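> have a look; sequence and predicted model below, questions after that.
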Amino acid sequence: MRIQNVTLISLFLLILLACNGPKSETATLLIYGGPIYTVDTTQTQVEAVATKGDKILFAGTLDEAEVYKDEKTQLIDLKGKTMTPGLIEGHGHFMGLGYNELNLDLMHTKSYQEIVDAVAEKVKTAAPGEWIIGRGWHQSKWDNMPEVTVNGFQTHDLLSAVSPDNPVYLKHASGHASFANAKAMEIAGLQVLSKEGIDKFKVEGGEVMRDELGRPTGIFNERAMTIITEHIPETTAEKDKKAFELAVAACQRNGITGFHDAGIGKETIALYEQMKAEDKMKLRIYAMLTGWDKELLGEWYEKGPMIDPEHLVTIRSVKLNCDGALGSRGAWLLEPYTDRPGHFGHETLPMEFVKETALNGLRNGFQVCAHAIGDRANREILDRYEAAFTELPDTTKDHRFRIEHAQHLHPDDIPRFAELQVIPAMQAVHMSSDRPWAIDRLGEKRIKEGAYMWQTLLQSGIPIVNGTDVPVEPLNPIASLYASVSRKTLKGTPEGGYEPEQKMTRAQALRSYTLDAAYGAFEEDIKGSITAGKLADFTIYNQDLMTVAEDKFLNTEVVMTIFNGEVVYKKE
C-alpha cells in the first residue's frame, strides 16, 4: 500500500512539474514563415519567435515555438518576408526629424533656384513678418551652381528678392551652416556695416561670410549661426508635440525602434517625460545631454544618469560639438582644405572643455559622445579622452566613450579607437552622399588613407554604431545599410564602390544597426538581438536584405514594425 501511495505522489508531482514547464508559458505573439536573422551568435537564424508581452519568450524552430501557442496567441505569418531585431538609429536628432516634416524640407533640392522657388511659395501663405524656417540644402549636391558665389556658396540676393518682408533662415543639410535673407540679417543688425555690425562678423568658432566689399552674403558657418537664431521666436508647445508625433511615425515607418538622440536640452527632456507619461513614447530614446548648456550638465552630474527601467527614455551621456562638417568646410583639419587653401575649418568647442567633460563623465557615470569629422578634431578628442583615462584610471573599466561621425581620420589615429576602447558612431550614408565631392575638400591621398574607414576600424577590434544623422540625411536605414555594404552612391556608382576594401559585410552592417548600436548605449543585454529575455522589438522587410542582389538592395522596404511586442506600423 505504501508503494502505491509513493507512486501516486510521484505521478502527482510529475503532473505538477509538467504544468509548470514550458507549456505554462503562453505566447501573446508567434511569428514564423520567413527568414529571421537574430544577430545572436549562438543561433544566427531561426524559424520562429514567440513573445510574451514586451519580452521575447523563445526563438528557435517552429515546432518548439508552437508549444507556447494557445487560442489567444496572435499569429503573424511572414509569408516569406524577412525579420531582424528592431533597428536602432545610432545618431540622429529626433526633434529635428519631426520639425523637418513641419518646416520647409529642402533635402531634395537640386539648385539654388529650387530653394528660391520653395521659399516664394511659402511666402504666399505666411503671415506678415512670420519667419520662414527650413533645412536640407547642400550646395555640393546641386546639379548646377549660381553665377555668383563666394567661397563656393550662393549669395542671398535672389532669396531676399522673393521674401522682402519675411525673415528667412534655411539650415544647411549638415546643420553646420545656414543661409539667411536680408530681412533676417536686418533683424540681427547686419544690414549696415556700423562698428557694431562689423564686430558681429567676428565669431570665435564660426564665420560670417562676406563678399569682396565686406557685405554679408547670407551664409553663416558654425557658431556664427547664433547671430540669426537668437532672433527667431521660440517654438510653441503645440508645435513641439506635433513634431514629436511626426518623428515617432517616421521612425515606425522606417523600422526604427530605438533612437540615439544626439544632443538635447531642458525643454526637450521635459517634452519626452510628458510624452512618456501620456503613453506616446512608442520607441526607445537614448538621449545625450547637450554640451552647450553647462548649467544643465552641472545639474545632471549632481543627480547622476537616468536609466529608465521601462527602457523608453534613458539619459546617461553628454554630446559635445567639437568641429563642423566637410560640406561647409567647417570640419577641423590637420592640413588645409584642398579646395580652400589656408582654411583649416573650425574648432567649435575649446579642447580644454572636452577634457573637463571627459573627467566629469568618468566621475559621475556619464558617457561622453564628441562630434568630430575632421582629422584634427578626431585627434584632439582622442588626446583629451586619453588624458582623462590616464588621470582617472579606476573609472575607465567600461566607459564606452564615443566619437560621433569619425568621418576623416589620420592613419596614425585609427588604431587608437580600439586601444582606448572609444566607439566610432559612423553614419554610412554620409559616404554615399559626400564621397563624390569630399575628394575635392581633402584630395585623393587623405580620402584613401583615412576617410570612412569602416572595415579597418572593425578589424582593429572596435564595433561601429551606424545611423543617418537625420535630418542631415533621410532616416531611411535601407540607404545606410546599402552604403555600408556597397560603398556606392544611391545611384549605384561607381562600379565596385569607393575604396571597396572598406566595405562592411552584410552581417557587420546589420549588427551595426542592432547589437553594436545597443552596445554603444550600454543596452546590449536588453535589445539588439532576437534572444529570449530581450525586448520584443522587430523590423520586417519585403525581401531578404541578407541575400538579395546588390542592385536590388535599395528596393527593400519596411513592411511592419513591432515595438514592445505590438505591431505599431504595417505598410498598406
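That came through, no problem. Numbering: from 1, shown residues only.
> let me know whether residue 252 touches residue 246 as I believe.
No. Using CB atoms under 8 Å, residue 252 is not in contact with residue 246; the gap is 10.9 Å. In this view, the C-beta of every residue, glycine as well, is placed from N, C-alpha and C.
> the two: who's more crowded?
Regarding residue 252 and residue 246, a neighbour count based on other CB atoms under 10 Å identifies residue 252 as having more, with 21 against 17.
> looks to me like that one is in a strand.
No. Assessed with DSSP: H, G, I helix; E, B strand; the rest coil, residue 252 is helix; it does not lie in a strand.
> could you measure from the residue nearest to it when sequence neighbours are not counted over to residue 212?
Closest residue to residue 252 apart from its sequence neighbours, by CB to CB, 6 or more residues apart in numbering: residue 569 at 3.9 Å. Taking CB to CB, to the nearest Å as the measure, residue 569 falls 53 Å from residue 212.
> neighbour count for those two, which is higher?
residue 569 (20 against 6).
> give me the longest helix you can find in the protein.
helix 428-450 (DSSP state H).
> quick one: buried residues of it?
Residues of helix 428-450 classed as buried: 428-436, 438-439, 441-442, 446-447, 449-450 (neighbour count, 16 or more other CB atoms under 10 Å).
> tell me the SS of residue 47?
Quick answer, by three-state DSSP: residue 47 is strand.
> got a list of what it touches?
32, 36, 60, 61, 62, 65 (CB atoms under 8 Å, 6 or more residues apart in numbering).
> now with 10 Å?
31-36, 59-65 (CB atoms under 10 Å, 6 or more residues apart in numbering).
> can you redo these as a markdown table with distance to residue 160 and pLDDT?
Converted to a markdown table, the contacts of residue 47 look like this (distance: CB to CB, whole Å; pLDDT from 0 to 100):
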| residue | distance to residue 160 | pLDDT |
| --- | --- | --- |
| 31 | 56 | 98 |
| 32 | 60 | 98 |
| 33 | 59 | 98 |
| 34 | 55 | 98 |
| 35 | 55 | 98 |
| 36 | 56 | 98 |
| 59 | 60 | 98 |
| 60 | 65 | 98 |
| 61 | 67 | 98 |
| 62 | 65 | 98 |
| 63 | 70 | 97 |
| 64 | 68 | 97 |
| 65 | 64 | 97 |
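> so which of these is the most crowded?
residue 31 (27 neighbours).
> name the helices or strands packed onto the helix or strand containing that one?
Using DSSP states H and E, residue 31 sits in strand 29-37. When contacts are defined as 3 or more CB pairs under 10 Å, 6 or more residues apart in numbering; DSSP states H and E, strand 29-37 packs onto strand 45-52, strand 55-60, helix 62-65, strand 74-77, strand 82-85, helix 506-512, strand 538-541, strand 558-563.
> residue 157 is nearest to which of those?
Nearest to residue 157 among the helices and strands packed on strand 29-37 is strand 558-563; the distance by CB to CB comes to 42.7 Å.
> rewinding a little: distance to residue 25 added to the helices and strands packed on strand 29-37, as a markdown table?
As requested, the helices and strands packed on strand 29-37 are exported to a markdown table (distance: least, CB to CB, whole Å):
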| stretch | distance to residue 25 |
| --- | --- |
| strand 45-52 | 7 |
| strand 55-60 | 6 |
| helix 62-65 | 11 |
| strand 74-77 | 15 |
| strand 82-85 | 21 |
| helix 506-512 | 29 |
| strand 538-541 | 19 |
| strand 558-563 | 19 |
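> the ones you listed: which one's closest to residue 278?
Comparing those by CB to CB, strand 558-563 comes nearest, at 16.3 Å.
> I'd guessed residue 186 sits against residue 167; true?
Yes. If you go by CB atoms under 10 Å, residue 186 and residue 167 touch, sitting 7.9 Å apart.
> list the residues that contact both of these two?
Joint contacts of residue 186 and residue 167 (CB under 10 Å, 6+ apart) are 180, 231.
> out of these two, which sits in the more crowded spot?
residue 167 (22 against 15).
> quick one: contacts for the residue nearest to residue 252?
249, 251-256, 282, 539-540, 558-563 are the contacts of residue 569 under CB under 10 Å, 6+ apart.
> of all residues in the protein, which one is nearest the centre?
residue 91 (2.1 Å; CA atoms, centre = their mean).
> dihedrals phi and psi, it?
With angles defined as degrees, to the nearest 10, residue 91 sits at phi -170, psi 110.
> residue contacts, it?
Counting by CB under 10 Å, 6+ apart, the residues that residue 91 touches are 259-263, 288, 319, 369, 371, 402, 404-405, 425-427, 465-470, 472, 517, 520.
> can we see that at 6 Å?
Contact analysis of residue 91 by CB atoms under 6 Å, 6 or more residues apart in numbering lists 260, 262, 404, 425, 467, 469.
> what does residue 387 give?
Counted by CB under 6 Å, 6+ apart, residue 387 has contacts residue 355.
> go again with 10 Å.
Neighbours of residue 387 in contact, by CB under 10 Å, 6+ apart: 354, 355, 358, 359.
> in CSV: the residues you listed, plus distance to residue 119, secondary structure and pLDDT.
Supplementary listing: those in CSV, determined by distance: CB to CB, whole Å; DSSP: H, G, I helix; E, B strand; the rest coil; pLDDT from 0 to 100:
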residue, distance to residue 119, secondary structure, pLDDT
354, 38, helix, 98
355, 43, helix, 98
358, 42, helix, 98
359, 46, helix, 98
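> please report which of those residues has the highest neighbour count.
residue 358 leads the contacts of residue 387 on contacts (other CB under 10 Å) with 26 neighbours.
> so that residue sits right up against residue 370, yeah?
Yes. Contact criterion CB under 10 Å: residue 358 and residue 370 qualify, at 8.6 Å.
> what touches both of the two?
Listed contacts common to residue 358 and residue 370 are 318, 320, 381, 384, 385, 401; contacts here mean CB under 10 Å, 6+ apart.
> among those residues, name the ones in strands.
Those of these mapping onto strands are 318, 320, per DSSP state E.
> scan the shared contacts of residue 358 and residue 370 and report the most crowded one.
Result: residue 381 is most packed of those (other CB under 10 Å), 30 neighbours.
> could you measure from that one over to residue 331?
13 Å.
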